[in-house]
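S.K.: got a predicted model here, sequence first, then my questions.
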Amino acid sequence: MTKTEMQVMEFFWETGKSYTFAELQKYFTEKKGWKKQTLNTYLRNLHMKEFIKNIVTKDDEKELLRYLEEEKDGKL
């Protein structure tokens, strides 16, 4: 995992929540100055490495990004 991917994961771990892409984009644009494509690249890499997954909520059909619990517990 790269340093920057670790920053993304630390955000997930610190908050313990799932997020829409728009919510993540707002946060990382404001805090890091990242463009949409930059964030998308990091999230895609983390998804391919199985650190995060996409889920669809049943209530409102939103697609959320969620970290995988086992990774939080030190299996990096």
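M.R.: Ah, there it is. All of these numbers come straight from a predicted model, not from anything done at the bench.

S.K.: so which bits of the helix or strand where residue 24 lies are buried?
M.R.: Using DSSP states H and E, residue 24 sits in helix 21-32. Of the residues in helix 21-32, 21, 24, 25, 28 count as buried by neighbour count, 16 or more other CB atoms under 10 Å. C-beta here means a position set from N, CA and C on the backbone, and glycine is covered the same way.

S.K.: and these as a markdown table, adding pLDDT and distance to residue 39?
M.R.: Formatted as a markdown table, the buried residues of helix 21-32 follow (pLDDT from 0 to 100; distance: CB to CB, whole Å):
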| residue | pLDDT | distance to residue 39 |
| --- | --- | --- |
| 21 | 90 | 8 |
| 24 | 93 | 6 |
| 25 | 94 | 6 |
| 28 | 96 | 5 |
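
S.K.: span of stretch 11-20 from start to end?
M.R.: The first and last residues of stretch 11-20 sit 14 Å apart, counting by CA to CA, to the nearest Å.

S.K.: now it: buried residues?
M.R.: Per 16+ other CB under 10 Å, stretch 11-20 contains these buried residues: 11, 12, 18, 19.

S.K.: and what of stretch 36-51?
M.R.: Here stretch 36-51 shows 39, 42, 43, 45, 46, 51 as buried, counting by 16+ other CB under 10 Å.

S.K.: convert it to PDB, retaining C-alpha atoms only.
M.R.: The C-alpha coordinates for stretch 36-51 follow below in PDB (Å, rounded to 0.1, in the frame of the first residue of the first chain):
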ATOM      1  CA  LYS A  36     -11.800  13.900  -9.000                       C
ATOM      2  CA  GLN A  37      -9.600  11.600 -11.200                       C
ATOM      3  CA  THR A  38      -6.800  11.500  -8.500                       C
ATOM      4  CA  LEU A  39      -9.200  10.300  -5.800                       C
ATOM      5  CA  ASN A  40     -10.800   7.900  -8.300                       C
ATOM      6  CA  THR A  41      -7.400   6.300  -9.000                       C
ATOM      7  CA  TYR A  42      -6.600   5.800  -5.300                       C
ATOM      8  CA  LEU A  43     -10.000   4.300  -4.600                       C
ATOM      9  CA  ARG A  44      -9.800   2.000  -7.600                       C
ATOM     10  CA  ASN A  45      -6.400   0.800  -6.500                       C
ATOM     11  CA  LEU A  46      -7.700   0.200  -2.900                       C
ATOM     12  CA  HIS A  47     -10.700  -1.700  -4.300                       C
ATOM     13  CA  MET A  48      -8.500  -3.900  -6.500                       C
ATOM     14  CA  LYS A  49      -6.300  -4.600  -3.500                       C
ATOM     15  CA  GLU A  50      -9.500  -5.500  -1.500                       C
ATOM     16  CA  PHE A  51      -9.100  -2.800   1.100                       C
END
